[in-house]
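Enquirer: can't give you the sequence, but here's the structure:
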């Protein structure tokens, strides 16, 4: 670096450092280190290895060494995740809670164990999701192809993990995990959403499923579907209010349809057609479709 | 780890290990190791280096050392890809085939060589795709910018590779490659789709191109376009049936339009307007547009 | 490798190497090495560490060592970015400019410093963007959650960097940076777009913001919104012409709406409803919504 820039850069470093005191909203609180996004993403992928043995790890789960591999994976996840959860709890803005290091460490260990303890139950659910994808998609040539490559399965498996941590009251981490899946798949599921078994998202890009959405069993949705809030003008005053719809068992929602509102209930086995815009409840067993806008045809020749 | 958790985790490891026998659909078949997604993605990116010399690799292709670099890259791809294809073939569920290790290894080598042998032909096609992007997008300041950064070029170059492997009958790998491009670009092209030269996808997020789609030359499509199946209620019984549309030469499809059905043919040089919903064939040279829904204007003041 | 393939592959390597002379459009110009996409992405992430101290780096910015960390980061970015910009300038196709190595190196250093110099100003803007997200989204539980995980914040922070380099006339690099954010978030903002403060993109997948778009302050847009050009049939002849709309202060655009045309101005505080298709200016303070297509209800039973 030339002398000219050495001086200029020294000044600039001082300026940037001082600016770190000035901009609220983007300066982390004085509570020490925050959870680390890269570490959380690594743990998420190790949890996916645990959910789908033999698909994503480097090693095959041979019968004789299976418990050894699972043990190493579980121990690693428990230790690292507990550390990250402890940081997230320390960050937790609720001032009335006991924030002593010892209490937070204990609580983090409990939560980390709870998540790992839910793995067999999540695997039961995911097996139904994979079956739903196979049954519902003629392009699927095997269930293994689905596990390996379907973005819908990536999104729902990561969501089922994030949702456990959300229910356990962990700050920051569930959303980091959920938005990681959004990055990878284009499917945006808030960790708060409750989703039943045999759930299938086909293609998936552009799907949005809001925080207070409730989805039953055997539901199928396509790319570009929004399950959203009618209005968010209320901003933070709407926090905690049910703002997103409920889809009962067996509902199908075709591509590009939007369903809005916390009181909107799509009854069981209803079908919502492509690009429909729904803001009111739909009775069970109903097929709703839009009268497609009239087409005009002009010939160039 | 505290003693308390040591015991609990030991029990949990046993429980998870046992659950690996119980959930069908998400336990890999007893055929030994499956192909490795991370390895396949690395190979895909090496193939992109081969397709676009000097753009993505670490090294510049200087004239004197060019053959040396190409040789190293080709040999590496051949060896690793053959190994992955052999694993995929071994996995192949077709029971009537000869699955001896020797036969599979030979077949994998042949397929791997076939793919590499198609590189000059794929490069010819991609050169027309890059030209189509440059000619069609006023925001493009050079063809090099397009190669470096356009998601449409990423998607079509990876698709042209995946499509070769699909035609050669390789299980699992084509879809892993295709969904990798979907992850990166938001463009979902099934490896089965047949796509002609001078193909341009602008912006691209949300595009879906189904397995049995046929696309001619000089076709241009925009973000959010779906070339899909009318209904997939038939599930696996529809496997192999032409379910997705045909776009003849020179067709343009604007953003958010949907074209459905295996018997739907969009005639040459036709234009499909933004957000149109098409389920029937459109004659050649026709411009189809929707009568946009009436707008209502309200003033706040 | 068997002898059979050794010979075949040798021939193939020659064929591929020869094809590198034949396909125009995908052979880089004879100007030596091009900028390196991987290096540019690493620098982009280091710039994000500088923008959001303590969130993305490995280390916490403790008070006593803060200037030391900032200094190391700034020096590293300055050196590496200057090198990449020098390569981009050398590539620059404008033939009338002085392209001596010395001049380019000096110019690259200046530009690199200008970008770093804009960091405090960009941080001021980003603090308003984070506030806009918090105020506008009931699902946000803290501003830290937003910085960590919101794709809209990722996209706008990377855009504000790319836009500086775009204004400084750097070839190739701004678009590589912008399309990197597009890959991660599904939000496609051309580096040329001018965007005011307090800008919030919710969910974001499928958003397209064209090169000549102008956006005022306090603007909020949702997933699937296109701010596009009416027609690009003119191709490269339209380069430099204002083709994309202007959104004045306080405009809200709901999901899936499309606004097209360089002369289209959305007046201050106007609201554009979900899925509206706008090609003409809208007066200030107006709420535009589509009459939703009539729904048809059929009962299965």
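Expert: Noted; the coordinates are in hand. Bear in mind the structure is a predicted one, so any value in this text is a computation, not a measurement. Numbering: from 1, shown residues only, chains lettered A, B, ... in the order given.
Enquirer: can you give me phi and psi for residue A:258?
Expert: Main-chain dihedrals, residue A:258, degrees, to the nearest 10: phi -120, psi 130.
Enquirer: Tell me the confidence at it?
Expert: Residue A:258 carries a pLDDT value of 96.
Enquirer: go on, the one 5 residues further on?
Expert: In the predicted model, residue A:263 carries a pLDDT score of 96.
Enquirer: give the contact list for it.
Expert: Residues near residue A:263 by Cβ atoms under 8 Å, 6 or more residues apart in numbering or on different chains: A:242, A:281. No exception for glycine: its C-beta is placed from N, CA and C like everyone else's.
Enquirer: what about it, distance to chain C?
Expert: Residue A:263 sits 16 Å away from chain C, going by Cβ to the nearest Cβ, to the nearest Å.
Enquirer: In a helix, that residue, correct?
Expert: No. Assigned with DSSP: H, G, I helix; E, B strand; the rest coil, residue A:263 falls outside any helix and is coil.
Enquirer: So it versus residue A:244, what's the distance?
Expert: 10 Å (Cβ to Cβ, to the nearest Å).
Enquirer: SS state for residue A:98?
Expert: At residue A:98, secondary structure determined by three-state DSSP is coil.
Enquirer: Can you give me the distance of residue A:250 to residue A:69?
Expert: For residue A:250 relative to residue A:69 (Cβ to Cβ), the value is 38 Å.
Enquirer: just residue A:178 next, same as before
Expert: 27 Å.
Enquirer: Neighbour count: those two, which is higher?
Expert: Counting neighbours by other Cβ atoms under 10 Å in any protein chain shown for residue A:178 and for residue A:69 shows that residue A:178 has the greater number, 28 against 20.
Enquirer: I'd assumed that one was in a helix, is it?
Expert: Yes. Under three-state DSSP, residue A:178 sits within a helix.
Enquirer: so who does it touch?
Expert: Residues in contact with residue A:178 (Cβ under 8 Å, 6+ apart) are A:158, A:159, A:162, A:188, A:189, A:190, A:191, C:149.
Enquirer: what do you get if the cut-off is 10 Å, keeping everything else the same?
Expert: Contacts for residue A:178 (Cβ atoms under 10 Å, 6 or more residues apart in numbering or on different chains) come out as A:44, A:155, A:158-159, A:161-163, A:165-166, A:187-193, A:209, C:149.
Enquirer: of those residues, list those near chain B.
Expert: Here nothing survives when the contacts of residue A:178 are matched to chain B using Cβ under 10 Å from any Cβ of the partner chain.
Enquirer: returning to that earlier point: next, show the common contact partners of residue A:263 and residue A:244.
Expert: Common neighbours of residue A:263 and residue A:244 (Cβ under 10 Å, 6+ apart) are residue A:230.
Enquirer: Skipping its backbone neighbours, what lies nearest residue A:186 in space?
Expert: residue A:205 (3.7 Å; Cβ to Cβ, 6 or more residues apart in numbering or on different chains).
Enquirer: Could you measure from the one you found over to residue C:156?
Expert: For residue A:205, the distance to residue C:156 (Cβ to Cβ) stands at 21 Å.
Enquirer: can you check residue A:75 too?
Expert: 40 Å.
Enquirer: domain ranges for chain A?
Expert: Domains of chain A are assigned by automatic domain parsing as A:23-188, A:193-233+A:240-290.
Enquirer: For these, which has the smallest mean pLDDT value?
Expert: domain A:23-188 (a mean of 89).
Enquirer: roughly how far out does it sit from the chain middle?
Expert: 10 Å (Cα atoms, centre = their mean, to the nearest Å).
Enquirer: Same question for stretch A:214-228.
Expert: The answer for stretch A:214-228 is 14 Å, by Cα atoms, centre = their mean.
Enquirer: if we can go back for a sec, mind listing what the residue nearest to residue A:186 touches?
Expert: Counting by Cβ under 10 Å, 6+ apart, residue A:205 touches A:151, A:185-187, A:223-224, B:182-183, B:185-188, B:204-208, B:223-224, C:186, C:205-206.
Enquirer: secondary structure class for it?
Expert: Reduced to three states by three-state DSSP, residue A:205 is coil.
Enquirer: and it, what are its phi and psi?
Expert: Torsion angles at residue A:205 (phi, psi; degrees, to the nearest 10) stand at phi -50, psi 130.
Enquirer: So out of everything in the stretch 51-200 of chain A, what residue is nearest chain C?
Expert: Nearest to chain C, among the residues of the stretch 51-200 of chain A, is residue A:179, at 3.9 Å (Cβ to the nearest Cβ).
Enquirer: Can you report how many residues lie near the residue nearest to that residue when sequence neighbours are not counted?
Expert: Nearest in space to residue A:179, with sequence neighbours left out and distances taken as Cβ to Cβ, 6+ apart, is residue C:149 at 3.9 Å. Residues contacting residue C:149 under the criterion other Cβ under 10 Å number 23.
Enquirer: Check whether residue C:149 really touches residue A:177, as I assumed.
Expert: Yes. In terms of Cβ atoms under 10 Å, residue C:149 counts as a neighbour of residue A:177; the distance is 8.7 Å.
Enquirer: Overlap in contacts, those two.
Expert: A:37, A:40.
Enquirer: before we move on, the earlier item: residue A:75 and residue C:156 - which one has more neighbours?
Expert: residue C:156 (27 against 17).
Enquirer: ok, now which ones touch the more buried one?
Expert: By Cβ under 10 Å, 6+ apart, the neighbours of residue C:156 are C:122, C:125-126, C:129-130, C:132-133, C:150, C:163, C:181, C:185, C:187, C:189, C:195, C:199-201, C:204.
Enquirer: which of these count as buried?
Expert: Neighbour-count burial (16 or more other Cβ atoms under 10 Å in any protein chain shown) is assigned, among these, to C:122, C:125-126, C:129-130, C:132-133, C:150, C:163, C:181, C:185, C:187, C:189, C:195, C:199-201, C:204.
Enquirer: which residue is nearest the centroid of chain A?
Expert: residue A:178 (2.9 Å; Cα atoms, centre = their mean).
Enquirer: gap between that residue and residue A:12?
Expert: With the distance defined as Cβ to Cβ, residue A:178 ends up 36 Å from residue A:12.
Enquirer: top helix in chain A by residue count?
Expert: Secondary structure assigned by DSSP state H gives helix A:66-91 as the longest helix of chain A.
Enquirer: what about that one, near chain C?
Expert: Yes. Applying Cβ under 10 Å from any Cβ, one finds helix A:66-91 touching chain C at residue A:91.
Enquirer: same thing with stretch A:46-57?
Expert: No. Residues of stretch A:46-57 are not located near chain C by Cβ under 10 Å from any Cβ, the shortest gap being 17.5 Å.
Enquirer: The nearest residue to residue A:74 once chain neighbours are set aside: neighbouring residues, count only.
Expert: Leaving aside its sequence neighbours, residue A:74 sits nearest to residue B:13 (Cβ to Cβ, 6+ apart; 5.3 Å). By other Cβ under 10 Å, 21 other residues sit near residue B:13.
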